[in-house]
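Trainee: would you be able to build a 3D model of this:
(one chain, ligands or ions: 1)
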Amino acid sequence: MNASLLEKLAQEYDPRTGTLPGAQASQRHLIDLRGSFANEAAYDAAARQGNPLLYSVSMVQPASGDGDLHYGLGVLLPGRVGSEYYFTRGHFHVWRDAAEVYIGLRGSGCMLLEGERTGESHLVPLSAHSIVYVPGHTAHRTINTGTEPLIYFGICPAKSGHDYGTIARQNFRKVVVEKDGQPTLMDRVEFVNALHR
Ligand code: ZN
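Mentor: As a prediction, this is how the structure comes out:
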């Protein structure tokens, strides 16, 4: 077996730091999530303070045939914009039928799932030792509600593709905010209306 094939078959990762040697990590900072947070005043105030790193994802794409899989190791930092916890932009898969499995390695948080056809929202735990199954036709966003980095694997069909545009235009219908010290799922419109009351 040659060395390059062996590299595709076996990887080591660090569950404490979320690093995956050899994988290219793409980073998303606060400015990359402009328009994503519901509280625009809190976002503008945070952006005036700086442009912190929110998350990074290291993707591994061993092969991209019909039956192949891609996987990524995500590190989502703890923090909030106003009362909204840091989150990933969130996406549908271009190939809408494609499902995905997330495996939590460290930290505590959740995933916000929203069915494209049903419009139904589900908030499910994603923490160390938990597994989330994201069905096809479902927008998914990862949210760190804890105090340490939330580190997780995501594994999906190689031909899934990422559709960020749909979420960028319409966003999720729900937000996850800190309320009385607890992560709380709220309707986005109600949350925004309450800000202006
Ligand atoms: Zn996905």
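
Trainee: beta partners for V175?
Mentor: M186 (DSSP bridges).

Trainee: for the chain, what's the longest helix?
Mentor: For the chain, the longest helix by residue count, based on DSSP state H, is helix 40-49.

Trainee: if I pick the residue minimising distance to the centre of the chain, what's in contact with it?
Mentor: Closest to where the C-alpha atoms of the chain average out (CA atoms, centre = their mean) is T142, at 3.2 Å. Counting by CB atoms under 8 Å, 6 or more residues apart in numbering, T142 touches 55, 74, 76, 87-88, 90, 102, 109-111, 126, 150, 152. Yep, even glycine has a C-beta here, placed from its N, CA and C like the rest.

Trainee: thinking again about what came up before, pull the residues that contact the longest helix of the chain.
Mentor: With contact meaning CB under 8 Å, 6+ apart, helix 40-49 is reached by 30-31, 34, 37, 81-84, 195.

Trainee: same question, stretch 116-126
Mentor: 92, 96, 102, 104, 108-114, 132, 137-139, 142, 150, 152, 172-174, 176, 185.

Trainee: distance between the ends of that stretch?
Mentor: From its first residue to its last, stretch 116-126 covers 21 Å (CA to CA, to the nearest Å).

Trainee: try stretch 118-135
Mentor: OK, stretch 118-135 end separation, CA to CA: 12 Å.
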